[in-house]
Structures are given as C-alpha cells and as structure tokens.
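Peer 1: Provided below for reference: sequence and predicted model.
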Amino acid sequence: MNPSFNILVVDDEVNIRKTLSLHLETEGHRVVAVSNFKDALTEASRGSFDVAFVDLRLGTEDGLDLIPAMLSAEPWLKIIVITAYASIDTAVEAIRRGAVDYIPKPYTPAQISLAVGKSFELRKLEQKVADLQEDMGRTNPQADFSSSSPAMQRSINVARQAADTDATILLRGESGTGKTVLARAIHAWSRRSVKPIGIVSCPSFSLELLESELFGHVKGSFTGAVRDAPGRIAACQGGTLFLDEIGDLPLSIQPKLLRFIQEREYERIGDPATRRADVRIIAASNQDLDRAVGEGRFREDLFYRLNVIPVEIPPLRERSDDIVPLAKRLLAFHGRNNHRALLGFTPEALDALKRYHWPGNLRELSNVIERAAILCRSDLVGTDHLPMSLQEGRPAPKIGDPISLKEIEEQHIRRVVATARSLQEAAEILGIDQATLWRRRKKYRV
C-alpha cells in the first residue's frame, strides 16, 4: 500500500484542480492546488511536497519552465506533467527537464493512481540507494574514504570532482592501497552509476585472451573461440571500464586501446566491422609509468591519454593517523562476518598496529584484522592475536639483513599473500602450488 503523500496540483483550469484534488484526497493524500507559475514556486519553496502534477499550459506561461524551477527548490520532488496538448516532442522535453511521468488529457483516475504509485516506487528506490551509500562504509570498510591525511583528502576530492565527467582517470599507488575500491566509488558517484562497471585485471590474461576480453571476438577467430564474445567494452556500454594494473598491458594492445579512448571505436578479433561504444575508462597502476615510457614498455601517447586526471593514493604508512580508525572499522566488519562480539583492541595491540609499516597497505591491514577477529576469544584483540612481525614491532626483513632464511620466507609469504588478489595468484607469484602454500601458511600462521 502506498503511503500518504503531500501533493501539489498546478493547473489553470479550476475544474481540473477540483476533480484531481478530490480524487487524490479520497486516496488519502494531502493536496494543495494552485493555478499559476508564481504560486507553484511559492509552495514548492516551502519544501514540503512529494509529488506535483503540473499542466504544461498555465495561461501565458509554459509549464515546462516550471519543472527545473521547482526541482531547484525541491530536488526530491516527483513532477508528473499533465496536458491537453500532448506530443512526443513535449513529452521528451518534459522528461529531459526532470519530470518523471507524462499524462495526456483527458486522463482516468486509474492513470493518476498509477502515476502516484510509480512515484512511490521511485522514492523507495532512491531511499534504498541512499541507505546503501550510507552503509557502504559499514559493509565494506575500505570504501569509507574518510581520512586525516591531507594527501588522501586531496586525492578523494579530485576523484569526486572528476567522477561526474567523462574524463579518463588514472589511479596511481602501491598494491593494496584501494585503487579498485576507489574506481568503484568513482563509478558510483558518476551519472553512469546506473550502467555497468567492468573490471579487467591486465596481468590476469594472456596476450590473446586479454585482447578478446577487452574488444571481443567472433567464432573461429582463434583456437578456442567456439562462440562469439562481445567483450567487456560492449558489455559496459554507457558505463565504466576499469583497467587494473594498466602498466602490464602488452605493447601490441596499447594502440588499440589508445584508438578506443580517442575515437570510441574498435573491432572485435576476426571481425573487420568497426564498432562504437560510449564507455568511460578508469585505469590504475602500481608501476612507475613515467619510467615505463622511458624504457619503451609503455606508449607515451597512451600514457598522456590515460593521465588526464591523475589521482595519487598514498600508502598506508604515510597515513599513520588513519590506521587506528581503519582498524576499528575493519574489526567491526570482520567481527560481524565471523560472529564475534569484539569490543576493540588492547592499548598494546593498537600500538603495534601503529608501529608497523604495512607494506601490503589496506589489503594487508584487512587480512591482519580478519585473522585477529577469527583467533580472538575475548572481548579485546591483543598482540597475541596479531602476526609475529607486528608483535615484535619490527619492520619486515630485507635480503641481506642478518636474519635466517626462515624469517625471510615467512615475511615474503606474508607480503605476497597480503597483496595478491587470491591465494591462487599468491601461489603463482611464489612459484609453489596451493597445497604447499597452505602448509606454509599453517606453519607461519599467516
């Protein structure tokens, strides 16, 4: 059942105002009816209406001009246009200016009730989106971009300002700093948020498969191409394509990506037909792309096309004041997920978290807190629930330090597991199978 709405009726015909108001009031709504542009704006400026029915012809004034004026006063207002002079052009223009529905006269009571019901459903969806955005930090703490770091604040501000444009954004930062999380947030902040976002990790595919993943292919174009595949660009039409670790993009594919960014045109593998797509590109890299350009591993023209809006994400060790707030949010998150009623950390554990240098950044911090949430059987997480390197308050050992091979192996495995996207990827980086990695993790309690 729909709730009771505050509804504004704007029509210069007295009989329409009376009959429409009567119908809406019998359905339980509170109605105010006015006859002209000025009175409509006066009522809207009070900010108390949920829905407005607006006639397109208000004497000598145009109801189309009233739509943006009312929305400026009440952005959440749902405007339904009613008119005896219906046409496709006016309907399109009304929707373009912000109306949510368009009803030609004469209309039936059922049409009015249906339009109000649709407005109710739209309000519910908007509220759901707002609730999801508000809860985003609680359901995914790494998506909470509050920070005490001036450098991080500047980066988030730049990302927010650029989000609602079509500019290409290049996220730069060490592995584990949250580039993928920020890319998703940029998409969510943009007007493309209702369209899909695709994520392609460039190092995860072979040369041939990466080209197919991006641009698509036709059946029989290469061994294993048993059916047509549209590719991620086509799948993200109207939305965003995030290219993670763009520095690993093979040189042979770089000109094709450059052409797509410049002209929005591409071809599928095995198909000469040129296709177009409206897709916004966000790229990320943990490499020094300037150096890669100098070494000939990355095209200079592609780099400049990607680097329109550069966003530098500082490593966690340079955001020391953020470590404790992040750790507390992550503990609440992982505690809920693992059915642990945890109240926080002991002072010694907090001190250990702050002293550690976090080579794996946010990803490593999340892994450490998840491990602590699982192992802790008391109200507070102590140092004994943290990895040995944090307990001892020492930096990770380096090759050549006067330490045992066992310590080098332990810390190397910890760092790789913390920064890899999956245990399979970690095993591949370490050059061991997953069973061996499982035994090493059990041995070192990683």
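Peer 2: Perfect, thanks for sending it. Numbers count the residues shown, from 1 in each chain.
Peer 1: I figured Leu53 hits Ile82, correct?
Peer 2: You called it Leu, but residue 53 is Phe. Yes: taking CB atoms under 8 Å as the definition, Phe53 is a contact partner of Ile82 at 5.5 Å. Bear in mind the C-beta positions are built from the backbone N, C-alpha and C, glycine included.
Peer 1: count the residues that sit near Ala110.
Peer 2: 8 (other CB atoms under 10 Å).
Peer 1: how far away is it from Val54?
Peer 2: 20 Å (CB to CB, to the nearest Å).
Peer 1: just checking, next helix/strand downstream of the lowest-mean-pLDDT helix or strand in the chain?
Peer 2: None of the helices or strands of the chain scores lower by mean pLDDT, DSSP states H and E than helix 109-139, at a mean of 73. Counting by DSSP states H and E, the element after helix 109-139 in chain order, helix or strand, is helix 150-163.
Peer 1: just the mean pLDDT for that following helix, thanks.
Peer 2: Mean per-residue pLDDT for helix 150-163: 93.
Peer 1: relative to Glu312, how far out is Cys202?
Peer 2: 20 Å.
Peer 1: whoops, Arg17 was the one
Peer 2: For Arg17, the distance to Glu312 equals 58 Å [CB to CB].
Peer 1: okay, those two: which has more neighbours?
Peer 2: Higher neighbour count among Arg17 and Glu312: Arg17, with 19 against 14, using other CB under 10 Å.
Peer 1: list the buried residues for the host helix or strand of that one?
Peer 2: Per DSSP H and E: Arg17 is located in helix 14-26. Counting neighbours by 16 or more other CB atoms under 10 Å, one finds that the buried residues in helix 14-26 are Ile16, Arg17, Leu20, Ser21, His23, Leu24.
Peer 1: contacting residues for the third one?
Peer 2: Contact partners of Leu20, counting by CB atoms under 8 Å, 6 or more residues apart in numbering, are Val9, Asp11, Val31, Ala33, Phe53, Ile82, Ile112.
Peer 1: got it, and the first one?
Peer 2: When contacts are counted by CB under 8 Å, 6+ apart, Ile16 touches Asp55, Ile82, Lys105.
Peer 1: show the pLDDT at the nearest residue to Arg30 once chain neighbours are set aside.
Peer 2: Excluding its sequence neighbours, the residue lying closest to Arg30 (CB to CB, 6 or more residues apart in numbering) is Asn6, at 5.1 Å. According to the prediction, Asn6 has pLDDT 86.
Peer 1: same deal with Ile369?
Peer 2: pLDDT, Ile369: 91.
Peer 1: ok, back up a step: any chance of a ChimeraX selection covering the buried ones in the contacts of Leu20?
Peer 2: To isolate the buried ones among the contacts of Leu20 in ChimeraX, judged by 16+ other CB under 10 Å, type:
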select :9,11,31,33,53,82,112
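Peer 1: any weak-confidence spans in the stretch 251-400 of the chain?
Peer 2: Judged by pLDDT under 70, the stretch 251-400 of the chain has its weakly predicted residues at 391-400.
Peer 1: what do you get if the cut-off is 80, keeping everything else the same?
Peer 2: Low-confidence segments of the stretch 251-400 of the chain (pLDDT under 80): 388-389, 391-400.
Peer 1: what about the helices in it?
Peer 2: 254-263, 289-294, 300-306, 320-337, 347-355, 361-375, 388-391 (DSSP state H, counting those that start in this stretch).
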